[in-house]
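A.B. asks: 3D model of this:
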Amino acid sequence: MPDVGPLRLRRAARLQEPRDFARVRQQGQRLALGCLIANWHPLPDGTTPRLGVVTSRKIGGAVVRSRARRLLRESFRQHQNELAQPVELVLVARPSIAGRAFAEVEKDFLATLRRAGLLKAA
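C.D. replies: Coordinates of the predicted model:
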């Protein structure tokens, strides 16, 4: 495997505008699996994948929601180069994410991407 350098999640790789979240939800596809729901919309080749994370108050207090966001962002950061094509991805944390370890969240994240056909063939 070639050295791709440090994996970063730059600000430009984050969805921040409400209209971006709404576009991905309306025009994209959706899959719920494990502790997360994934909404995605393909991007043109040559662009970088973008991520948005949604955590509602149903998950828990601010500390729990922040941890859920960090876990989902870190899962995406570590596996962003394994995507078959660039996508805008919105991950919605489900209440079952509270108290989970990173390995469990990462496993659900990869299983979701695999089922959606978003990962490169191994």
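
A.B. asks: Next one, pLDDT for the closest residue to Arg65 other than its chain neighbours please.
C.D. replies: Among residues not flanking Arg65 along the chain, Thr55 sits closest, at 4.1 Å (CB to CB, 6 or more residues apart in numbering). No exception for glycine: its C-beta is placed from N, CA and C like everyone else's. Listed pLDDT for Thr55 reads 96.

A.B. asks: Go ahead and confirm Thr55 touches Arg67.
C.D. replies: No. Using CB atoms under 8 Å, Thr55 makes no contact with Arg67, being 9.2 Å away.

A.B. asks: how much distance is there from the lengthiest helix in the chain to the middle of the chain?
C.D. replies: The longest helix of the chain (DSSP state H) is helix 62-79. The chain centroid and the centroid of helix 62-79 are separated by 9 Å under CA atoms, centre = their mean, to the nearest Å.

A.B. asks: right, and the helix or strand after that helix?
C.D. replies: strand 87-93 (DSSP states H and E).

A.B. asks: And the next helix or strand past that next one?
C.D. replies: Next helix or strand after strand 87-93 toward the C-terminus (DSSP H and E): helix 102-116.

A.B. asks: and that next one, how far out from the chain's middle?
C.D. replies: The answer for helix 102-116 is 9 Å, by CA atoms, centre = their mean.

A.B. asks: what is the residue nearest the centre of the chain paired to in the beta sheet?
C.D. replies: By CA atoms, centre = their mean, the chain has its centre lying nearest to Leu91, at 4.6 Å. In this entry, Leu91 is beta-bridged to Ala38, Val53, by DSSP bridges.

A.B. asks: Was I right to think it contacts Gly52?
C.D. replies: Yes. The criterion here is CB under 8 Å, and Leu91 meets it with Gly52 at 7.3 Å.

A.B. asks: now the protein, which segments are flagged as low pLDDT?
C.D. replies: Along the chain, the parts satisfying pLDDT under 70 run over 1-6, 122.

A.B. asks: which residues sit in contact with the residue nearest to the centre of the chain?
C.D. replies: Leu36, Ile37, Ala38, Asn39, Leu51, Gly52, Val53, Val54, Leu72, Phe76, Phe109 (CB atoms under 8 Å, 6 or more residues apart in numbering).
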